[in-house]
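**Q** Below is the sequence, then the predicted model.
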Amino acid sequence: MEQVDPREIQMLRMYLSEYGQQMEILSGQLNMIEQQRLESAAAVESIRALEQSEDRIVLLPIGGGAVVRAQVLDPGHVMVNIGADVIVERTGADAVEYLQDRITELEALGKQVSGSIEQLRGQVNEISRRLEAAYRQAQAAQAGQGGS
């Protein structure tokens, strides 16, 4: 019976650990992407509701779980962060369109990250099968030596 190379087992364990870490990082990124998508969708709903509101009263969070009622003076214009802390003024319709485009991009990015996670999961499963086979082979070799 062929002996199991301990270096192969060590290498497989190392790959398993690295892939596990990569999956954790990608899962964190996927959670952030989903959070940004949900925030953008909520913003779209808020802009639309504000445009239809007669009194233009909103609840404005001020921190610590506290909110105040505030009246929006110009509901037809929205300040939008377009990245790198750059904020531009847009009409409500333009802001909604921009945010919907962002949602579409985030969904596509989420699919890519999910695909990468699935690919890593497949590699982890393959490595786990190889490790299990190596352990069984090592146990069989040990049992064969003990029985001689």
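**A** Okay, I see it. Because the structure is a prediction, the values reported are computed rather than measured. Residues are numbered from 1 along each chain as shown.

**Q** quick one: the longest helix seen in the chain to chain centroid distance?
**A** In the chain, taking DSSP state H as the definition, the longest helix is helix 92-147. Distance, stretch centre to chain centre, for helix 92-147: 13 Å (CA atoms, centre = their mean, to the nearest Å).

**Q** Which strands and helices lie in contact with that helix?
**A** In terms of contacts (3 or more CB pairs under 8 Å, 6 or more residues apart in numbering; DSSP states H and E), helix 92-147 is packed against helix 6-52, strand 77-83. In short, each C-beta sits where N, CA and C put it, glycine included.

**Q** For these, could you give me JSON lines that also reports distance to Leu59?
**A** Below are these laid out as JSON lines (distance: least, CB to CB, whole Å):
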{"stretch": "helix 6-52", "distance to Leu59": "10"}
{"stretch": "strand 77-83", "distance to Leu59": "17"}
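
**Q** so what's the most centrally placed residue in the chain up against?
**A** Nearest to the geometric centre of the chain sits Leu30, at 0.7 Å (CA atoms, centre = their mean). Leu30 sits next to 110, 113-114, 117 when contact means CB atoms under 8 Å, 6 or more residues apart in numbering.

**Q** follow-up on the earlier one: using TSV, lay out the helices and strands packed on helix 92-147 together with mean pLDDT and distance to Gly144.
**A** Output for the helices and strands packed on helix 92-147, formatted as TSV (pLDDT from 0 to 100; distance: least, CB to CB, whole Å):
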stretch	mean pLDDT	distance to Gly144
helix 6-52	94	17
strand 77-83	93	63
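
**Q** and of these, who's closest to Ala93?
**A** helix 6-52 (8.5 Å; CB to CB).

**Q** Tell me the helix or strand right after that closest one.
**A** strand 57-63 (DSSP states H and E).

**Q** so which of the helices and strands packed on helix 92-147 comes closest to Tyr135?
**A** helix 6-52 (7.6 Å).

**Q** Tell me what angle that closest one forms with strand 77-83.
**A** 170 degrees (axes from the mean of the first three to the mean of the last three CA atoms, to 10 degrees).

**Q** Tell me what angle helix 6-52 forms with strand 57-63.
**A** Here helix 6-52 points in a direction 140 degrees away from that of strand 57-63 (the same axes, to 10 degrees).
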